[in-house]
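Peer 1: Next one to model:
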Amino acid sequence: MHIEIIQNYPVTPPLLVTATAAATAAKTCASTNANFTTNLVAGTHILLKFEKGNTAASPTLSINGTTAKNITGGTGSARPAQFNYANAMMHLVYDGTSWIIVG
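Peer 2: You can find the predicted model right below:
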């Protein structure tokens, strides 16, 4: 059973997958949860699997065709090295403006 909770996840944040090419900055993915397009709020957590990794300097994420939001380390720091590899998985939190990499 797959449960997607968009806000203040009680157990596990939803797992989303992007198959966008590593060098392409504009990452996209889909979710069955309509709240990503109608009610994306600060504090939303997701786990995002990058099937092809990421080598783009300033990646963004669009879920269900929403406006792309920056993916950042939160303090302007460089992205983690493990972000570059295929099947990298990142825990992201939306701060109201950008997706912040946690950890």
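Peer 1: And the helices in this structure?
Peer 2: 35-38 (DSSP state H).
Peer 1: Helix or strand with the lowest mean pLDDT in it?
Peer 2: helix 35-38 (a mean of 72; mean pLDDT, DSSP states H and E).
Peer 1: any idea how far that one is from the chain center?
Peer 2: In terms of C-alpha atoms, centre = their mean, to the nearest Å, the centre of helix 35-38 is found 14 Å from the chain centre.
Peer 1: Please identify the buried residues of it?
Peer 2: For helix 35-38, a neighbour-count test (16 or more other C-beta atoms under 10 Å) marks 35-36 as buried. Quick note: C-beta positions are derived from backbone N, CA and C, even for glycine.
Peer 1: same thing with stretch 17-30?
Peer 2: Neighbour count says stretch 17-30 has 18, 20, 22, 25, 27-29 buried, by 16+ other C-beta under 10 Å.
Peer 1: now these as TSV including distance to Trp99 and pLDDT?
Peer 2: Formatted as TSV, the buried residues of stretch 17-30 follow (distance: C-beta to C-beta, whole Å; pLDDT from 0 to 100):
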residue	distance to Trp99	pLDDT
Thr18	12	96
Thr20	14	96
Ala22	17	94
Ala25	13	93
Lys27	10	96
Thr28	13	96
Cys29	11	94
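Peer 1: before we move on, back to that, show the secondary-structure elements that the least confident helix or strand of the chain is packed against.
Peer 2: Helices and strands touching helix 35-38, as assessed by 3 or more C-beta pairs under 8 Å, 6 or more residues apart in numbering; DSSP states H and E, are absent.
Peer 1: Need the CA coordinates for that helix. PDB is fine.
Peer 2: C-alpha atoms of helix 35-38 as PDB (Å, rounded to 0.1, in the frame of the first residue of the first chain):
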ATOM      1  CA  ASN A  35      -2.200  18.600  -3.500                       C
ATOM      2  CA  PHE A  36       1.100  19.100  -5.300                       C
ATOM      3  CA  THR A  37      -0.600  21.300  -7.800                       C
ATOM      4  CA  THR A  38      -3.300  22.900  -5.600                       C
END
